[in-house]
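>>> I'd like to go over a predicted model; first the sequence, then the structure.
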Amino acid sequence: MGSISNIFKVITTALEASRTPPPTIPAPLLMAGAKLRPGLSPISIAAKIISRQGEAGAPVGVMPSGSVNVSEIMESIRVEEIINAILTDARIDIAIPPGIALTAQGGNAGGPIVVVGTTVGIGTGTGIIR
């Protein structure tokens, strides 16, 4: 049993080592581009999967007997439930590194005050997937 565990660890380590994170998206592009995304659509995803079932040799469309294709209905249900879980249960946590430029303005009896600097603490945020 120990040798199987060792083999599993070697394979897992090799797979994890081959996965590299995607490149970072520049902040201005992220800010502008994110609003252009349409969001997740269970109907669209299920339709794309069903249209490709033929590539795997699975029957597509009405069955030869004339009955409905239960696997296509199940695929739609499966995708709807996965997307519903992602949209209702998923959470995005972010960390904002220090060093963000800031400007502050104010005034006192001596006149106006302008302060220029950078943040020094790590910011955090929470979001939702849409």
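That came through fine.

>>> What are the buried residues along the longest helix along the chain?
Assignment by DSSP state H gives helix 70-89 as the longest helix of the chain. Buried residues in helix 70-89, defined by neighbour count with 16 or more other Cβ atoms under 10 Å: 72, 75-76, 79, 83. In short, each C-beta sits where N, CA and C put it, glycine included.

>>> now swap in stretch 53-67 and tell me
In stretch 53-67, counting by 16+ other Cβ under 10 Å, buried: residue 53.

>>> Output that stretch as PDB - backbone C-alpha positions only.
Coordinates of each C-alpha in stretch 53-67 appear next as PDB, following Å, rounded to 0.1, in the frame of the first residue of the first chain:
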ATOM      1  CA  GLN A  53     -21.100  15.000 -27.900                       C
ATOM      2  CA  GLY A  54     -20.800  13.600 -31.300                       C
ATOM      3  CA  GLU A  55     -17.000  14.000 -31.200                       C
ATOM      4  CA  ALA A  56     -17.000  11.400 -28.400                       C
ATOM      5  CA  GLY A  57     -19.400   9.100 -30.200                       C
ATOM      6  CA  ALA A  58     -22.400   9.900 -28.100                       C
ATOM      7  CA  PRO A  59     -25.800  10.100 -29.800                       C
ATOM      8  CA  VAL A  60     -26.900  13.700 -30.500                       C
ATOM      9  CA  GLY A  61     -30.500  14.800 -30.900                       C
ATOM     10  CA  VAL A  62     -33.600  12.600 -30.900                       C
ATOM     11  CA  MET A  63     -32.900   8.900 -30.400                       C
ATOM     12  CA  PRO A  64     -33.400   6.400 -33.300                       C
ATOM     13  CA  SER A  65     -36.500   5.100 -31.500                       C
ATOM     14  CA  GLY A  66     -37.900   8.600 -31.600                       C
ATOM     15  CA  SER A  67     -37.600   9.100 -27.900                       C
END
